Each structure stands twice: as structure tokens, then as C-alpha cells.
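S.K.: can you look at this prediction? I've put the sequence above it.
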Amino acid sequence: MKSKSINIYFLLNLSLFTLSCDKKTDQEDESYYTDWTAVGDGLSVDVSKNVLTEFVGSTKCPYCPASDSLLLSYFNDGHENYVGADITKNWYLVNYHTYSPSRGDPMYEFLRGESETGEDDYCYVRFEEGNWYSIYGVPTTYTNGSYSSITADMAVAPMAESTPIQMSLGGTEFDGMNISVKLSINTSKDLSSNDSLCLFIAAKIDHVDYEGYNDEKHHQDVFLGWINEGLNGELLSLGHEEVVKNYSWEMPSNWPQNNYETSWWEVEYDPVNLAVVAFIQNKYTQEVLQVVGTD
């Protein structure tokens, strides 16, 4: 009888210990990291690259709708151009609206900086003055940092490359117009001596309805702004380890209200279609080393 009581007591304590361990693990998973924090070992081998295509256009551009439609057709499983889930699940798009060939696109005007020199304007910094890219008109498309034509196989070659960087947005949450981003980065080698790696985290939105000058009525992957600070990205120092950091971002409730044009109120959208794309880019070569996004 005494032996049986001891066994029951042991099992009860073991259960309580297991539950307390599970609870501790859950709490650790929900931790908020204000700085990059090491949470695990690095990768043992390189991994395959995902693909980022950056589409640069405007509702003032008469040629943009056809190019945008062609690119999106590769992602449409009901279209004859569909390239398949094995490709599209690792292929991410961002559609930047610009002031080329002329101003007046409300999805650009909302983000336009006020500085006369343009240093606070994301479009000026990333495209128009060649800090990252040099564009000579729109539509223009870049894939993993290189100029690319819009073709069905444009993601195939980049996807065949390997990279020492793996990224995950697991734990990222959406609550109305609020986004809580949890980004983890894991590497197969020590990259801490590299001074060229810049992190960009973009907020974007799908299914935006607005018929502008070029008669394009529906807009996908519309860039809303950078979630992490800095128009030139966040400089990273990555060791051979897994690190994690959290970010918070709220979509402005008055998007895309602006003082330049009067049609902004015609833009219709639903915050349920918010998404996040994060990528690491070499500031000297413009190569995108890795990218990840939410569904």
C-alpha cells in the first residue's frame, strides 16, 4: 500500500513538472524581443533562396496594367500561365507605386516625403536617384535585386541558388490594422564581419480597388511602408546562430489621404488583406540574399 502511494505521488509530481515545463516553453515562445536575441544554433548547411520580385509602377503609367497583369497571372492557379505551387509558395511580390511618369497616384502620394531634396521619400531613395536601383521609366521589375523581364521562368534561376541565410515570420500576428512581426534569422556561417547586409521589412496589402488614369481597377501587393526604421534598411551583424526580434506596426487609418490629389477617397481596401515581406539585401551589389513573407 505504501509503495502504491509513493508511485501515485511520483506520477502526480511528474505530471506537474511536465505541465510547468510546457507552460514555460509557451511563455518563451511568446517573449517579445526588442533587440536581436540569440535563441539557437546556426544552420549546418546552406539553404535554397526564395525569390523577391519588386514591381515598380504607377496608376499614371499607361503600360503598367498589362505588365502587372502578366506577372500576377503566374500566381493565378486558374490561369493558363500559372507556374505551379512549388514556385509560387517561395516567390514574393511587392508593388511600389511611384511618381513616374508623373505625380498623382494616391498610393504613392500618401508616402511622399516633404523634403525638397527627397531624402525622406522612399521612392526617391530606393529608385529614382539610384541609391539602390536606377530606373529609367515604369513599369520596371527587379528580381532578387537584378533587373528582370516579366517571363514565366523569371523566378527559376534565382530559386536554384543557395544562400547561408534562412528567415521565418512564424509568430507574426495581424489584429485589424495592427501587425506584430516576429522575425527569426538563421545562418550557416558567421557573417558578423560583413558590413553590407541590410534588412527591409515591408507592409503591403492586396485587393485594393481604385481606377486611376490608366484604368487599372484592382491592385495587388501594394507597398504601404517599411515596418523597420530606415529607408536604406537596418544594418545587420549575423553570427553563426539563430536570432529573433519583434516589431510593431499600425496601418495609418487615413491611408491613402494626401494633399496633392483629390481621388484618394475612392481607394477601397480591407485590412484583412494586410501582409508582410521581409528580405535581406546587399547594399553594395543589390543582391537579395533571402526573402520570406506571410500568406
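M.R.: Happy to help now that I have it.

S.K.: where does the stretch 1-150 of the chain dip in pLDDT?
M.R.: The model of the stretch 1-150 of the chain has pLDDT under 70 over residues 1-29, 130.

S.K.: ok, which stretches of it are helices?
M.R.: 2-29, 64-73, 85-88, 106-109, 122-123 (DSSP state H, counting those that start in this stretch).

S.K.: thought residue 110 was touching residue 260?
M.R.: No - taking Cβ atoms under 8 Å as the definition, residue 110 is not a contact partner of residue 260, at 9.4 Å. C-betas here are computed from N, CA, C, even on glycine.

S.K.: more neighbours, those two?
M.R.: Ranked by neighbour count (other Cβ atoms under 10 Å), residue 110 and residue 260 place residue 110 first, with 20 against 14.

S.K.: leaving out sequence neighbours, find the closest residue to the more buried one.
M.R.: Residue nearest to residue 110 in three dimensions, not counting chain neighbours: residue 256, with 3.8 Å by Cβ to Cβ, 6 or more residues apart in numbering.

S.K.: what are the ranges of the strands in the stretch 51-200 of the chain?
M.R.: For the stretch 51-200 of the chain, applying DSSP state E, counting those that start in this stretch gives strands covering 51-57, 91-97, 140-143, 146-147, 162-163, 165-168, 173-175, 178-187, 197-205.

S.K.: for the last one, what is the average pLDDT?
M.R.: Right, strand 197-205. Averaged over strand 197-205, pLDDT sits at 98.

S.K.: now the angle from it to strand 51-57?
M.R.: In terms of direction (axes from the mean of the first three to the mean of the last three Cα atoms, to 10 degrees), strand 197-205 departs from strand 51-57 by 60 degrees.

S.K.: so which elements touch strand 197-205?
M.R.: strand 91-97, strand 178-187, strand 222-226, strand 234-235, strand 274-282 (3 or more Cβ pairs under 8 Å, 6 or more residues apart in numbering; DSSP states H and E).

S.K.: try the longest one
M.R.: Packing contacts for strand 178-187, counted by 3+ Cβ pairs under 8 Å, 6+ apart, involve strand 165-168, strand 173-175, strand 197-205, strand 241-250, strand 274-282.

S.K.: for these, give me JSON lines that also has distance to residue 41 and mean neighbour count.
M.R.: As requested, the helices and strands packed on strand 178-187 are exported to JSON lines (distance: least, Cβ to Cβ, whole Å; neighbours: other Cβ atoms under 10 Å):
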{"stretch": "strand 165-168", "distance to residue 41": "12", "mean neighbour count": "20"}
{"stretch": "strand 173-175", "distance to residue 41": "26", "mean neighbour count": "12"}
{"stretch": "strand 197-205", "distance to residue 41": "20", "mean neighbour count": "22"}
{"stretch": "strand 241-250", "distance to residue 41": "6", "mean neighbour count": "17"}
{"stretch": "strand 274-282", "distance to residue 41": "19", "mean neighbour count": "22"}
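
S.K.: quick one: which of these is nearest residue 77?
M.R.: Closest approach to residue 77 among the helices and strands packed on strand 178-187 is made by strand 274-282 (18.1 Å; Cβ to Cβ).

S.K.: outside of the following helix or strand past that closest one, which residues touch it?
M.R.: Next helix or strand after strand 274-282 toward the C-terminus (DSSP states H and E): strand 288-293. Here strand 288-293 makes contact (Cβ atoms under 8 Å, 6 or more residues apart in numbering) with 49-52, 92, 144-145, 163-169, 197, 275-282.

S.K.: thinking again about what came up before, ranking the helices and strands packed on strand 197-205 by burial, who's on top?
M.R.: strand 91-97 (a mean of 24; mean count of other Cβ atoms under 10 Å).

S.K.: restricting to C-alpha, output that strand in CSV.
M.R.: Taking Å, rounded to 0.1, in the frame of the first residue of the first chain, the C-alpha atoms of strand 91-97 are listed here in CSV:
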residue,chain,number,x,y,z
TRP,A,91,8.0,33.7,-54.6
TYR,A,92,7.0,37.0,-53.1
LEU,A,93,5.9,40.3,-54.7
VAL,A,94,6.0,43.9,-53.7
ASN,A,95,4.3,46.5,-55.9
TYR,A,96,5.8,50.0,-55.3
HIS,A,97,3.7,53.0,-56.6
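
S.K.: what sits up against it?
M.R.: By Cβ under 8 Å, 6+ apart, the list of residues contacting strand 91-97 reads 50-59, 68, 71, 75, 105, 107-108, 122-123, 126-127, 155, 159, 202, 204, 219-223, 277, 279, 291-293.

S.K.: and the angle from it to strand 288-293?
M.R.: 90 degrees.

S.K.: roughly how far apart are residue 201 and residue 48?
M.R.: Here residue 201 is placed at a distance of 21 Å from residue 48 (Cβ to Cβ, to the nearest Å).
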